[in-house]
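Asks: structural data only, the sequence is not supplied:
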C-alpha cells in the first residue's frame, strides 16, 4: 500500500539518478554480483573471532600467574577460589572445542580478509594470528594438552580435592535410602537443630559440574592418571556416570570417544584405553537403572520434605540446607534425563496437559491466584500439529472425543486468563478506521436520535481498536493511522461534550430564570397588587391574563404532559449514560479521559455565559448589577453541582477554574472577563460622571448618588455603588480582580498628579513666596492675584479624592467578604497591623500594608498609591526637586481652598458637598502620605505645615466682607475639619491650635439650619 500511494512512496524509488541501478537489479535478480557484499555478509561473524585472541591471552596470563604464586586449591576450604579456577579451565576448553566444530571458519575469515583488503587497501590486523590459531587448533585436544602441561600440578591438586565430595554425591539410591538422606523425620529429637556441616557449599554443588571438571581436567592434565591411584579412581568414577558432557547449551561432548581417541595417540596409555572401554560398558548396562532409582527416591523425599515444611514452615530456616540439597539433586537428575531420554512428542505433550489440569484446584481460585494457561494452549496446538499429519502415530481424526474435550478446555482457559484477547477477536471493528466518512455519518445519525445518545461513547471507544488494523509488514502505516484515529476520537468526544454541555447549561439557564423570579426586586409589583386588592376588590377585565406566581410551573394536572425541562433532563440522562461506559481508554498509547472534554467545554461555555450575563453595553452604559450577576451565578453553580449525580466529575474544580479566570483581566482564551467589564464601567461611567459632579459621593449612605439635574440619568448610581452591590462585586472578582481595578484607578490618579505637577511648575515662584509668607495677609492677597489655575488644581484634587473614596468603599466591602470566607486569615493580618508603630522601618510597614490592602484593610499609607507615585518619572528632575514639587502642591491646594466658597455647589448639605469637594479630605491625606513616603520624608510634619497654611488662609476668608466670597464660607470651614478627621497623622488638638473651634461649631450650626431633620 505504501509503494502504491504516490504520496507515501519512498523517495529512493523515485530518484532519477538511481533509475539505471534499479532496472539492473530487476533484470539480473536474483543473481547479482556485488563483491562489497562479502563484507556485510561476514562482518557479523568476524568480530566474535578476534575476541578469542583476547580471551586466550588473558586466560594463559592468569594461569601462569596462579602457577607462579603456587596457589593452594581445596574445594572444602577455599571453595569459591577453587570453583572459579576449575570453571575457568572448563569454560576456556569448551570455547576452543566449539570453535573447532565450525566447518566454514577458514572460508569466512578468508573471504572477509580478501574483501577487507579490496575495500581498504590493507589486510585486517588480526588476520595473521587468527590464521595461525586455526591451523594450530586443527586437533584441539592435542594442542590443549600441550598448553596445559605446565599447569598439571595446580589442576591435579584442585581435582583431587573433589575426592571427599564427588564420591559422596555419586551414590546409588539404595545408599541414599538407607542413610535416610533429606529426611527431617529420621531424627525427631534433632528436628529443630540447624543443619550444618564442614562443607556447606559443596553439599548442593551440581554433580554435572563436578563431572565436567573431572573429565576435562584429566584430559588436559592426564599424566597423573598413570602415577596417582586417587586420580585414576576419581576419573573412572566420572566415566561411569554417563556418556556425554554439555559443552554449551545443546553442544555435547562424547567423553568416552574423545578420551579414547586422545589416549590412543599417546604412548603408554593402553591401560587407560581399556579402562575407558570398561567404563562405557558399565554406563550402557547400569546408568539408566541407577538414575531411574534416584528419581524415584527423590520424588518421595521431595514430597516428604514439602509436606513437613508446609505443615511447619518454621523449620525452613534451620533446615534450609536440606531444601537446597534436594533442589540440586533433583536438577541433576532432570538434566541427565533431558540428555539421555527422548520420549515421543505426543506422549510428552499429553503428559504435560494432564499434569497441568490435574494441578488445578478450587483453593487457587479462593486464594485469588493469577492463572496463565498460554503454555497449555500452545501444547494443545503442538499436539494438533503432530496428530494431523498424514500417517501420524496418533491421528486426531480417530479420537474426536479428545478433540472435543481439549477444545472445551481451550475455550474455558481463555475465559480465565485472556478475556480481553477473546473480546478483541470477537468484537474488533478496526476496519472502520479505513472508512472515516462512513464512520462519521453513523455518528451523526446516532447523535440525532434520543434513544441512541446513551451509546454515543461507543464511537470514540471504537477508535481504540484502530491500533489493531495495521499490518506487521507495513509498519509505516502506524503513524498515519494514529493521527487519523486520534482525530476521529477527539472529534467524537468534542461533539458529545458539546451536546452535553449545551443541555447542562440550558438547564442551568432555566433554573437561573426561575431563581430570578424569586429576587426581591420582583416582589414590589406583587405586593402592590395584593395591597390594591385588599383595599378595593376589582373585577378582572375580560380577556385579562393573570400573571403567574413563581412556582406555578411545578403544578401539574396530568403527569403525561412533558415540559421542556423534562425533555432536557431526559436528554441529559441519556448523554450522561454514555460517560458511564468507561472512565478512560487508550488510543495508540494515548490515554483518553472523556470527562475532561466535557469539563473543557463547560469551562469555555460557562465563561462566555458569565460575561454575557453581565449585559455590558459600552454605548448605552448599561450593565447588570453585581448582585444580580452574583445571584445568577449562584443559580448556575447550584445547577451544575447536580451534574455530579449523573457523572463522576469534579464540578468544584470546574467552578473554581472558571471563577478564578474571571478575576483576571483576560481568561485562558484571551477573552474579556467580568473583572475587565466592571473595571471599565466603573471608570468610564460612574467615576467619570462623579468627576463632573453629575454623581455625588454620599458618606452617610456609603455610596454614590445621582445629582439632581434636568436630564434623565442613564442609571441610578446608588443601585451600583451601595454596600450590597460592592460586596457582590468583591465576591465576584475577588482580591485579584480588585487589585486590577485598583491598578486602573491608580493610573487615572497618576495622570491627574502629572497635570498637577505641571501647574505647580508654572506657578512655582509664586508658590514659594506664598509658602514663606502665609502668615502675612497683605502679602498673601497680592500673591494670590498672581496665582493662576487654582480652580483647575482643586478640580483635579477632587477627582483624585473621588477615585480614592470609591477605592476605600470597595476595600471595605472586600474585607467583609474575606471575613466571611476566611476569618482565620483576616485575624492574623489585623494583628500585624496593630504591631506597627511610627518607629517601624518603612519597608516593613509597606510590606504589611500591602498584605492588609489585598485583604481589604484600610491603611494609613496606601501601598498601591505609593507604588504608582514611585513609578512616576519626571524628566530631568532630581529627588530634591520632586520633594519641592510635593510641598508646593500642598501649598497650591491650601491657598486655593477659599475659592470654593464662590461655587454654589460647595454648600454642605446632608454631610456632603454637591461638587464632591468633601472627597478632597481623602485625596489630600492619601496623596500627601504616598508622596512623602516615596521621598522618605516625615508625613506628619508636612501635614501640620499644610494645616497651618490652610487655617491661616481660611481665617483670612472670614475677614473678607464681600458677600459673594463668604457665601459658602461655613461649608469650607467644615472641609478643614474633614481633612483632620480623615487623617491618621493629624488630630483635633493640632487643629484647635491654629483654627478656633468656635468657628467650626458655628459653621455646623449654620449649615444644618438650612434643612430640616425629621425624626420618626
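Replies: Great, that's in hand. Everything numeric here is computed off the predicted structure, so don't read it as measured data. Numbering: from 1, shown residues only.
Asks: flag the shaky bits of the stretch 351-500 of the chain, pLDDT-wise.
Replies: Applying pLDDT under 70 to the stretch 351-500 of the chain flags the ranges 471-474.
Asks: what does the pLDDT read for the nearest residue to residue 453 once chain neighbours are set aside?
Replies: The shortest distance from residue 453 to any non-neighbouring residue, by Cβ to Cβ, 6 or more residues apart in numbering, is to residue 574 (4.0 Å). C-betas here are computed from N, CA, C, even on glycine. For residue 574, the pLDDT comes out at 88.
Asks: tell me the confidence at residue 4?
Replies: 37.
Asks: hang on, isn't the residue nearest to residue 453 packed against residue 449?
Replies: No. Residue 574 is beyond contact range of residue 449, at 9.8 Å (criterion: Cβ atoms under 8 Å).
Asks: one step back: list the contacts for the residue nearest to residue 453?
Replies: 450, 451, 453, 454 (Cβ atoms under 8 Å, 6 or more residues apart in numbering).
Asks: pLDDT on stretch 166-181, on average?
Replies: 90.
Asks: can you get me the start-to-end distance on that stretch?
Replies: For stretch 166-181, the first-to-last residue distance is 16 Å (Cα to Cα, to the nearest Å).
Asks: buried stuff in it?
Replies: The neighbour-count check on stretch 166-181 (16 or more other Cβ atoms under 10 Å) flags 166, 169, 170, 173, 176, 181 as buried.
Asks: outside of it, which residues touch it?
Replies: By Cβ under 8 Å, 6+ apart, stretch 166-181 touches 182, 186, 205, 207, 210-211, 214, 234, 237-238, 241, 290, 293-294, 296-297, 301.
Asks: which of these are buried, as a PyMOL select command?
Replies: Per 16+ other Cβ under 10 Å, the buried members of the contacts of stretch 166-181 correspond to this PyMOL selection:
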select buried, resi 182+205+207+210+211+214+234+237+238+241+290+294+297+301
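Asks: can you tell me which of the contacts of stretch 166-181 are in strands?
Replies: Assigned to strands by DSSP state E, none of those qualify.
Asks: between all of the buried residues of stretch 166-181, which two are separated the most?
Replies: Maximum pairwise distance in the buried residues of stretch 166-181, criterion Cβ to Cβ, is 17.1 Å, between 166 and 173.
Asks: what's the nearest residue to the residue nearest to the spatial centre of the chain if we skip its chain neighbours?
Replies: Geometric centre of the chain, nearest residue: residue 591, 12.6 Å, by Cα atoms, centre = their mean. With sequence-adjacent residues excluded and distances taken as Cβ to Cβ, 6+ apart, residue 591 is closest to residue 584, at 5.7 Å.
Asks: what helices or strands is the helix or strand harbouring residue 440 leaning on?
Replies: Element membership for residue 440, per DSSP states H and E: helix 436-448. Judged by 3 or more Cβ pairs under 8 Å, 6 or more residues apart in numbering; DSSP states H and E, the packing partners of helix 436-448 are helix 458-462, helix 477-517.
Asks: where along the protein do the strands fall?
Replies: 244-248, 251-254, 585-587, 590-592, 695-698, 703-706, 908-909, 912-913.
Asks: ok, and for the fifth one, which residues are buried?
Replies: Judged by neighbour count (16+ other Cβ under 10 Å), strand 695-698 contains these buried residues: 695, 696, 697, 698.
Asks: with the first one instead?
Replies: Of the residues in strand 244-248, those buried by neighbour count under the rule 16+ other Cβ under 10 Å are 245, 246, 247.
Asks: isn't the second one up against residue 215?
Replies: No. Checked against Cβ under 8 Å, the pair residue 246 and residue 215 is beyond contact range at 11.2 Å.
Asks: mind listing the shared neighbours of these two?
Replies: Shared contacts of residue 246 and residue 215, counting by Cβ under 8 Å, 6+ apart, come down to residue 253.
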